[in-house]
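Visitor: Build me a model from this:
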Amino acid sequence: MTQPETEVQPWCPECAAPVAIADRFCEACGRDLGARRIALPRPDPDATPPCEGCGGTRYESGGYCGGCGQLRPQPDRFEADLGALYVMTDRGIVHARNEDAVAAAVLEDGAECPIVTVIAVSDGVSTSEDAQAASGTAVRAGVDACLTALAEARSGAAVVMAGLAAASQAVRDIATHDGHAPSCTYVSAIVRGYGGDGVEITVANIGDSRAYWLRGTGIEPIAGGNLPSARLTVDDSWAQALVDAGAMDEQSAMQDPRAHTLLRWLGADSADIPWSDRCVNTFHTTGPGVLLLCSDGLWNYVSDPTALARMVSGLSCEDAARALVEFALRSGGSDNITVALVPIGPSVDVGEAQ
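Guide: I've put the predicted structure just below:
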């Protein structure tokens, strides 16, 4: 049975006047009502590190050195706490730069309690040119489009699809010439219904970045029934195609040398409609638990949802994010690692996930 849409009525924290999600300013008192946002990784505007190639400090558009063309160095790790979620992205050990990206926005009521959380994680396709530009563009465009769709009171599925479509077009638009096709994966989620009888989680993805629900019991899909800790997205990969065809189980399919080959992605060289007809899923839960969005830099090393839940049990979202990223680094850090954690339920900690 389809769960009813959860209506929310935010109000101005300054004067308590009712406002709409689309309002940027309160009409009664003029207060700025913009959502709290974050997009990572980002360069430090107060620091100009010397180029590792020539020692210069002049960088052109895109972060490339004006002297030798080498990419501007970045910190290995970026992280941010938005209250309703915690995000972290790390370069890893093997890659020279971070081609992952994460963006998020939190809309709050007048008491600074979340009413809607929007998240997007993207993994640049390393074999494409300017992969980091694709991932950064995708998450920013996706979150912005989701916020616009939320302001129009659209359904959860319509909201995440608006974000996915906008991300796809934005990545196509950064191609500068034929053969230039920066590419990336994409996974996003919106969480709403905080403080009610249950929280609605809607996810969308293309490629092999994933969303997980980390909880032992109690998540109820809209289609009915109970679901333990589980992966909420379906990969667009060679390995998943083998599993879908019944040729191999997931563990065996991941041993195939083509396992990570993408069948769908965002980029100028992707299909006109790059997503599948199963790219969107909606779930309903009362929690407690945590929603995890991540790139394959994490799930390459631990993909089982129950194992992931055990790793973060009893931890705050900040400590849980660090535990997951540090585990991936200890396991080899062969790729960039990005995680976004959204706690759901009566506790702000992951504590009861198992």
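
Visitor: Listing request: residues of the stretch 201-350 of the chain with sub-threshold pLDDT.
Guide: 216-227, 346-350 (pLDDT under 70).

Visitor: Tell me where it has strands.
Guide: Remark: strands assigned in the stretch 201-350 of the chain by DSSP state E, counting those that start in this stretch are 210-214, 219-221, 230-231, 280-285, 289-294, 337-344.

Visitor: How about residues contacting the shortest one?
Guide: Which is strand 230-231. 210-213, 219, 303, 305 (Cβ atoms under 8 Å, 6 or more residues apart in numbering). For every residue, glycine as well, the C-beta is placed using N, CA and C.

Visitor: next one: the first one
Guide: Residues external to strand 210-214 that are found in contact with it (Cβ under 8 Å, 6+ apart): 187, 189, 201, 203, 205, 219, 227, 229-233, 235, 283, 285, 289-294, 296, 299, 305, 308-309, 312, 350, 353.

Visitor: Partner strands of it, with direction?
Guide: Here strand 210-214 has these sheet partners by DSSP bridges: strand 230-231 (antiparallel), strand 289-294 (antiparallel).

Visitor: Tell me where the stretch 201-350 of the chain has helices.
Guide: For the stretch 201-350 of the chain, helices defined by DSSP state H, counting those that start in this stretch occupy the ranges 238-244, 250-253, 296-299, 305-312, 317-330.

Visitor: Nearest to Ala28, out of those?
Guide: helix 317-330 (34.3 Å; Cβ to Cβ).

Visitor: now that closest one against strand 337-344, angle please.
Guide: On the basis of axes from the mean of the first three to the mean of the last three Cα atoms, to 10 degrees, helix 317-330 is oriented at 150 degrees to strand 337-344.

Visitor: now the strands for the stretch 1-150 of the chain?
Guide: 36-40, 77-81, 86-90, 100-108, 114-123.

Visitor: can you pull the contacts of Ile206?
Guide: 164, 168, 185-187, 236, 264-266, 274-276, 279.

Visitor: repeat that with 6 Å
Guide: By Cβ atoms under 6 Å, 6 or more residues apart in numbering, the contact list for Ile206 reads 186, 236, 264, 274-275.

Visitor: so what's Gly163 up against?
Guide: 142, 145-146, 188.

Visitor: Nearest to Thr117, out of those residues: which one, please.
Guide: The nearest one, if we look at those relative to Thr117 and count by Cβ to Cβ, is Cys146, at 10.2 Å.

Visitor: What helix or strand is the closest residue to the closest one other than its chain neighbours located in?
Guide: Nearest residue to Cys146 in three dimensions, chain neighbours excluded: Gly163, at 4.0 Å (Cβ to Cβ, 6 or more residues apart in numbering). In the assignment (DSSP states H and E), Gly163 maps to helix 156-173.

Visitor: pLDDT weak spots in the stretch 51-200 of the chain?
Guide: For the stretch 51-200 of the chain, the ranges with pLDDT under 70 are 52, 61-63, 72-74, 110-111.

Visitor: hmm, 90 instead?
Guide: For the stretch 51-200 of the chain, the stretches with pLDDT under 90 are 51-76, 96-97, 107-115, 129, 151-154, 175-179, 193-199.

Visitor: Looking at the chain, which helix is longest?
Guide: Criterion DSSP state H: the longest helix present in the chain is helix 131-151.

Visitor: Using CSV, list the CA coordinates for that helix.
Guide: What follows is helix 131-151, C-alpha atoms only, in CSV (Å, rounded to 0.1, in the frame of the first residue of the first chain):
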residue,chain,number,x,y,z
ALA,A,131,36.2,13.1,-14.3
GLN,A,132,36.3,15.3,-11.2
ALA,A,133,34.4,18.0,-13.1
ALA,A,134,31.7,15.5,-14.0
SER,A,135,31.2,14.4,-10.4
GLY,A,136,31.2,17.9,-8.9
THR,A,137,28.8,19.2,-11.6
ALA,A,138,26.4,16.2,-11.1
VAL,A,139,25.9,16.5,-7.4
ARG,A,140,25.5,20.2,-7.3
ALA,A,141,23.0,20.2,-10.2
GLY,A,142,21.1,17.2,-8.7
VAL,A,143,20.7,18.7,-5.3
ASP,A,144,19.6,22.1,-6.7
ALA,A,145,17.0,20.4,-8.9
CYS,A,146,15.7,18.3,-6.0
LEU,A,147,15.1,21.4,-4.0
THR,A,148,13.2,23.1,-6.8
ALA,A,149,11.0,20.0,-7.2
LEU,A,150,10.4,19.8,-3.5
ALA,A,151,9.2,23.4,-3.6
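
Visitor: Give me the contact list for that helix.
Guide: 21-22, 39, 99-101, 103, 105, 116, 118, 120, 122, 124-125, 159, 162-163, 166-167, 170-171, 174, 182-184, 186, 188, 266.

Visitor: Which members of those are classed as buried?
Guide: Among those, the ones that count as buried by 16 or more other Cβ atoms under 10 Å are 21, 39, 99-101, 103, 105, 116, 118, 120, 122, 124-125, 159, 162-163, 166-167, 170-171, 174, 182-184, 186, 188, 266.

Visitor: what sits opposite Ala204 in the beta ladder?
Guide: With DSSP bridges as the rule, Ala204 is bridged to Ser188, Val280.
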